[in-house]
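# okay, here's the prediction I keep looking at, along with the sequence it came from:
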Amino acid sequence: MVALNEHVSKKFDAELESLRSRVMQMGGLVETQITTAIDSFMSGDLDRMEQVIADDHQVNGLEVSIDDDCAHIVARRQPTAGDLRMVMAVSKIVTDLERVGDEASKIARMAREIYQRDRLQIPRLTDVRKIGSIGVAMLRDVLDAFVRLDANEAARIVREDATVDDHFRGIMRQLVTYMMEDPRTITTALDIVFIAKSIERIGDHAKNIAESVIYIVKGQDVRHIAIDQLERTVNAVDH
């Protein structure tokens, strides 16, 4: 009986590890999507924009598949405590990753519209590159925090979201000024606002994933609480 229980336990551990690996696979694909979308916007590479749009179905398929795995694990294994938190959190994380993929596709579609119109000078490219780099780094770091179950790193990423929000507001102010100075740029400038907004939302989803990591590690739901209170939760000694 002990041997049977040990076998079942090892098989369950393997299933959880496989689940985590598939989340990382999905995360890697989504990270590539964002990077390619932003790079293609910067360079005007229409082929790469089309590739991002075409590949969105892969992200959607992984979300459905991983969610299905989560449901089967709950039904078969009836996990408790930390294992149950892991499965529940993974289900939330893949939803956020799928939405990040949607934002990458949106960036590519908006970029395509910009470059298929008259190619007036496109404003604030360097600012979009900067906010994009922060958003991609947040996603990469939060996936690393998920692998290592690092609640402190997750808390740092939650705080980092404010930096993305600040950059977005700065881009908005500059683009409004640009449109007022030259009304011919209004359509293109508005499209760039939508691109910057998509990147800002990517930061929001990275923050959500970070909160899920803290939930796995600490067993507390830290959504909708102030950052100082969240950090106290993370730094509290577990008994």
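The structure has been received and is ready for your questions. Numbering: from 1, shown residues only.

# what is the mean pLDDT for the helix or strand hosting residue 57?
Element membership for residue 57 (DSSP states H and E) is helix 56-77. Mean per-residue pLDDT for helix 56-77: 94.

# helices or strands up against that helix?
For helix 56-77, the elements it packs on are helix 2-43, helix 81-116, judged by 3 or more Cβ pairs under 8 Å, 6 or more residues apart in numbering; DSSP states H and E. Every residue, glycine included, has its C-beta placed from N, CA and C.

# can you count the residues close to residue 130?
Residues within reach of residue 130, counting by other Cβ atoms under 10 Å, total 15.

# how about the nearest residue to residue 92, chain neighbours excluded?
residue 212 (5.1 Å; Cβ to Cβ, 6 or more residues apart in numbering).

# quick one: closest of the helices and strands packed on helix 56-77 to residue 62.
Residue 62 lies closest, by Cβ to Cβ, to one member of the helices and strands packed on helix 56-77: helix 2-43, at 4.3 Å.

# got the angle for the helix or strand that that closest one is followed by vs helix 2-43?
Next in sequence after helix 2-43, counting helices and strands by DSSP H and E, comes helix 46-54. Orientation check (axes from the mean of the first three to the mean of the last three Cα atoms, to 10 degrees): helix 46-54 against helix 2-43 gives 140 degrees.

# which elements pack onto helix 46-54?
helix 2-43, helix 81-116.

# ok now it, how far from the chain's centre?
Centroid separation for helix 46-54 versus its chain: 19 Å, with Cα atoms, centre = their mean, to the nearest Å.

# what's the most buried one of the helices and strands packed on helix 46-54?
Ranked by mean neighbour count under mean count of other Cβ atoms under 10 Å, those are led by helix 81-116, which reaches a mean of 21.

# average pLDDT across that one?
pLDDT averaged over helix 81-116 gives 94.

# what do you get for stretch 27-36?
Stretch 27-36 comes out at a mean pLDDT of 96.
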